[in-house]
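Asker: Got a sequence here, can you model it:
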Amino acid sequence: MKQWAGLFVALLPAFGAFAGEPDWRGYAEVLQGSVTQGSKHGTELALVDYAGLKKSGALDAVYRTLAAFPLGELKSRQEKLAFYINAYNILALKTVVDHWPVESIKDVGNLIKPVWDKPAGELGGKAVTLGQIEHAILRTMGEPRIHLAIVCASVSCPDLRNEAYTAAQLDRQLDEQAQRFLDNKGKGLQVADGRIRVSKIFDWFGKDFDQNGGVEAFVRRFRPQLPTLPVEADIAYDWTVNGVSNEN
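Answerer: Modelled structure (predicted):
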């Protein structure tokens, strides 16, 4: 009996990979090994070594883990949010790696079929697009902070973290993402010319912030010392790929 108990304990980590969330350790290793802080076009950001990822094939194993995960294991709202944020970011990375070198992720698509509407991979045995994950899944879950967590492989996007999102840490991680983005003068928030300028993300998805009192209330939650000035979501968006500069 003790031998069986020992075997059960030994197998727990293997089963744990499917206990509500995938085993994100491989993804974390990719992030830690391929994402570095730097700057591009005058904006501070997390840069991705896409050429290195293409050469190593490390992202392929991460994608296989993601694609094989049984979606029925996702029970709680937090598990679903964390999973699909990670899924979006992994598939955005995969899209760029699969077509590397590119100047912009948008170059993968065209006017008739934008990259957001092209199959980016499979989840639960079905082909999905980045647009489906963002609009049909994540946005319907009523969490506006997702817009500061999903990363469309561009300079003006929020930065990739060096860790995966998890259900247990999600609230803290999303708050940190919002704070970091709004602290970034290059793409998140600027005070200039008698106004507070924020990313166009807050224009494109403004309605999603209504549950938080609107864009201005959301912004001031993370930047409470801002002066009393009008808030305008008009910082120019740079769609250049967030790749290491010397490889573009």
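Asker: State which helix of the protein is the longest.
Answerer: Once the chain is assigned using DSSP state H, the helix that runs over the most residues is helix 77-98.
Asker: In its sheet, which strands sit next to the helix or strand following that one, and in what direction?
Answerer: On the C-terminal side of helix 77-98, the closest following helix or strand by DSSP states H and E is strand 119-123. The sheet places strand 119-123 alongside strand 126-129 (antiparallel), with pairing taken from DSSP bridges.
Asker: how would you label the closest residue to A61 other than its chain neighbours: helix, strand or coil?
Answerer: Excluding its sequence neighbours, the residue lying closest to A61 (Cβ to Cβ, 6 or more residues apart in numbering) is G26, at 5.6 Å. The C-beta positions use only the backbone N, C-alpha and C, and glycine is treated the same way. When states are read from DSSP: H, G, I helix; E, B strand; the rest coil, the local structure at G26 comes out as helix.
Asker: Surely G26 touches L66?
Answerer: No: shown here, G26 and L66 do not form a contact pair, counting by Cβ atoms under 8 Å, at 9.6 Å.
Asker: Please say which of these two ends up with more neighbours.
Answerer: Between G26 and L66, counted using other Cβ atoms under 10 Å, L66 has the larger neighbour count: 21 against 18.
Asker: Go ahead and confirm that one touches N86.
Answerer: Yes: contact criterion Cβ under 8 Å: L66 and N86 qualify, at 7.4 Å.
Asker: Break down this protein into its helices, ranges please.
Answerer: Taking DSSP H, the helices of the chain run over residues 2-16, 25-34, 50-56, 58-68, 77-98, 130-131, 170-182, 201-204, 215-222.
Asker: Check those helices for me and report the most buried one.
Answerer: Neighbour counts (mean count of other Cβ atoms under 10 Å) averaged over each of the helices of the chain peak at helix 77-98, with a mean of 22.
Asker: Before I go, just wanted to say thanks for your time.
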